[in-house]
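Student: Whatever this is, show me its structure:
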Amino acid sequence: MAFVRALAVVLAGATMLCASAESDRVYGQARAAERRGLSVRAYLLYSQAATLDPKNPLYALKASALRPVAMKSVHVAVAGDPKAPDTAELVQVPDEAVMNEPTHVQASPGTADFHLKAAPKAIWEQVASKFGLLAIFDRDYPNDAPIRVDLAGVDYRDALHALENATNSFIVPLSARVILIAQDTTQKRVDLESNEAVMVPIPDTASLQEAQELATMIQQTLEMRRFVVDPRKRMIMMRDRVSKVEAARALTVQLLHPKPQVAIEVELLSVTESSSLSLGMTLPTEFPLVYFGNFWKNAAVAVPAGFAQFLTFGGGATLFGLGVTNAELFATASRGSGRTVLKTEIRVADGQPGTIHVGDKYPIVQSGFYGAAPGAKGQVFAPPPTVNFEDLGVLLKVTPTVHDADEVTLEVDAEYKVLGSGSFNGIPVIASRKFEARVRLKTTEYAVVSGLMTDSESYAKSGIVGLADIPVLGWFFRKTDTKHDKAQTLLVIKPRIVIAPPNEYVTRQLWVGSETRPLTPL
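Tutor: Residues are numbered from 1 along each chain as shown. Below you'll find the predicted structure:
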C-alpha cells in the first residue's frame, strides 16, 4: 500500500514537471512573438501557458496585459464578409471587450527612493515592480542609451510621471496592476489611449445659459472633440481621450459649484397713535312755532319730531306754542395706539432678483357692457367685463451682489400702493410711492430702506353764532372737537450669506499637462 502511494506521488511530480516544462516552452514562444510585434499570437500563447501552469501568476498577468492590445489588432469575422482579408487573424471578440470603463492603477502605497542608471526599459521595470506593477512595452518602443534617474521620497504617481518626462513616454493602464509603456507621439496616443464618454448633471442653481458658456470655455481650453449641453435633460456630455475627459469632468464639477446665495431678512414696522377730545354743550339751534288753533276743533295738530314741550305766550291766551328741547353738557376723550410688525425672509442667488408682495390684489374694471345701443332689437350680447388686478400694499424687489463672506451690495426697488381718495370715470385712483436705492451692507448691519411718517391734527368748533364766541361763557354755547392722528412705517432689511462665494472655498488644483503631452490619469 505504501508502495502505491509513493508511486502516485512520483507520477504526480513527473506530471507537474512535464506541465512546467511545457508551460515554459510556450511562454518562450509567447515572448518571441511579442518581440516580433505579433500581439494576437503572443496573447494566445500567454493564455495557453497560464492554462498549463495556473500557479504561475506571471503568465496570467502577461495574458491580461496583452488582451486590449491584441483586440485592436484583430479583424472580427462576419459570415460572407467580402471585405475580410485572407491573411487577417480572425477571432471572436467578446461583447465585454467592445466598451470598458477606463482602468486606473492600484499600486502599492508608500514612498520609495530610486538611484538608477540603466536603459529606459530596465528603469521602467524596476520602478514598476517596486510598487507592485508590471510594465510591458509597445512593440515600437525604442531601447535608447542608458539614463540616470534620482528620485527621493516619491509615491507611485510622482515616480511614474517623472519617468514619463525623462523618457518621453506615456502610460496606458491596462489593468489594476499592468501598465503599457509607449513612446509619446500624437499617433501613438490616438492608437493606444482609451476614449471615455461621461455625463455631468447641471445643478438647479445654474442656468442653461451659464452651462452653455461653461461648455464652450472648457471645450476651447482643452480642445475636446465632443462637448454637448442637453437643455431638456439638463446634462453635459463630453467624449474624448481619457486624459482630457478626466480633466474636463473635474473642471466642470468645480466650476458648476452652487452660486452664492443670500437670505434677506425683511421687517415692516408700523406704529399708529390716535387721540380725540370732545368738550362743550349741545344746544338746540331750531325752535319750531306750532299753531294750536285746530286743537279746539278736534283736529290733529302736527307736532315736529323730538319736541314734547312747548312754551306758550300770554298765559295761554294765544294759540301759538314755541318748541323747547333739552340741552346736553358733555366732555369726552379717547386715545388709542397700535403696532404692527411683519417679518419675512427672501432667499435668492447672487445676481438674481427676489420679490415679495405684502398686501392685496384689488380688482379694477377696465371695460364693461352698460346697456344696448339705442334702437337695438332682438337678443343683445353682453360680454363679461374686463378686470385688471392691481397689487396694493408693499412690493419689494431686491437683487444682491456678494463681494465676500461678510459684505453684500443690495439693489432695492420698493413700491407702496394704496387706494386714493378720488376716482376717474368710476375707476379708483391708485396712490403710489416708489423708492429705488443701492446699499452696501455687512451681514451684521441693518438698512432702513424707506420710511413713511404721517401726522395729522384737526380742530372743529360748532355752536350758536355770537354766543359761542363769548369769552368763558362761550363754552356753554359751543362744541369743540380735537383729533390727532400719527403713524410711522419703516421697511428694514438685513442680508445673511447662506452659500459663500467661490473665492471663500479652497479650489482644487488640476494638473493636465501641456497641449501636446497631457498628463496621464492614473
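Student: Please count neighbours and contacts with C-alpha atoms only from this point.
Tutor: Will do.
Student: what sits against the closest residue to Gln212 other than its chain neighbours?
Tutor: Closest residue to Gln212 apart from its sequence neighbours, by CA to CA, 6 or more residues apart in numbering: Val229 at 6.4 Å. By CA atoms under 8 Å, 6 or more residues apart in numbering, the residues touching Val229 are 211-212, 215, 235-237.
Student: How about the helix or strand containing Val229, which residues are buried there?
Tutor: Applying DSSP states H and E as the criterion places Val229 in strand 226-230. For strand 226-230, a neighbour-count test (16 or more other CA atoms under 10 Å) marks 227-229 as buried.
Student: need the strands for the stretch 301-450 of the chain, in chain order.
Tutor: 309-312, 320-324, 328-349, 354-367, 386-404, 407-424, 427-442, 447-463 (DSSP state E, counting those that start in this stretch).
Student: contacting residues for the spatially most central residue of the chain?
Tutor: For the chain, the residue nearest the mean C-alpha position is Thr205 (1.6 Å; CA atoms, centre = their mean). Applying CA under 8 Å, 6+ apart, one finds that Thr205 lies in contact with 258-259, 349.
Student: Export those to CSV and append columns for distance to Val394 and neighbour count.
Tutor: Compiled in CSV, the contacts of Thr205 are given as follows (distance: CA to CA, whole Å; neighbours: other CA atoms under 10 Å):
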residue, distance to Val394, neighbour count
Pro258, 31, 17
Lys259, 28, 18
Ala349, 22, 22
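Student: Tell me the one of those nearest His161?
Tutor: Taking CA to CA as the measure, His161 sits nearest to Pro258 out of the contacts of Thr205, at 33.5 Å.
Student: what does the model give the nearest residue to that closest one once chain neighbours are set aside for pLDDT?
Tutor: Spatial nearest neighbour of Pro258, excluding adjacent residues (CA to CA, 6+ apart): Thr205 at 5.8 Å. Here, the pLDDT recorded for Thr205 equals 74.
Student: Next, Thr205: secondary structure please.
Tutor: Taken by DSSP: H, G, I helix; E, B strand; the rest coil, the conformation at Thr205 corresponds to coil.
Student: Just give the number of residues close to Thr185.
Tutor: Around Thr185 there are 14 other residues, counting by other CA atoms under 10 Å.
Student: Please enumerate the helices of this structure.
Tutor: Secondary structure of the chain, counting by DSSP state H: helices at 2-35, 39-52, 57-72, 120-130, 156-167, 186-192, 208-222, 242-255.
Student: what about the closest residue to Lys397 other than its chain neighbours, neighbour count?
Tutor: Distances taken as CA to CA, 6+ apart place Thr355 nearest to Lys397, at 4.3 Å, with adjacent residues excluded. When neighbours are defined as other CA under 10 Å, Thr355 has 15 of them.
Student: swap in Gly110?
Tutor: 10.
Student: Who are the contact partners of it?
Tutor: Counting by CA under 8 Å, 6+ apart, Gly110 has contacts 155-156.
Student: Could you rerun that using 10 Å?
Tutor: 131, 153-156 (CA atoms under 10 Å, 6 or more residues apart in numbering).
Student: and it, what are its phi and psi?
Tutor: Main-chain torsions, Gly110, degrees, to the nearest 10: phi 110, psi 180.
Student: Sitting in strands, which of the contacts of Gly110 do you find?
Tutor: Secondary structure defined by DSSP state E assigns 153-154 of the contacts of Gly110 to strands.
Student: Pick the one among the contacts of Gly110 closest to Leu491.
Tutor: Asp155 (61.2 Å).
Student: didn't that closest one look like it was pressed against Ser108?
Tutor: Yes: using CA atoms under 10 Å, Asp155 is in contact with Ser108, at 8.9 Å.
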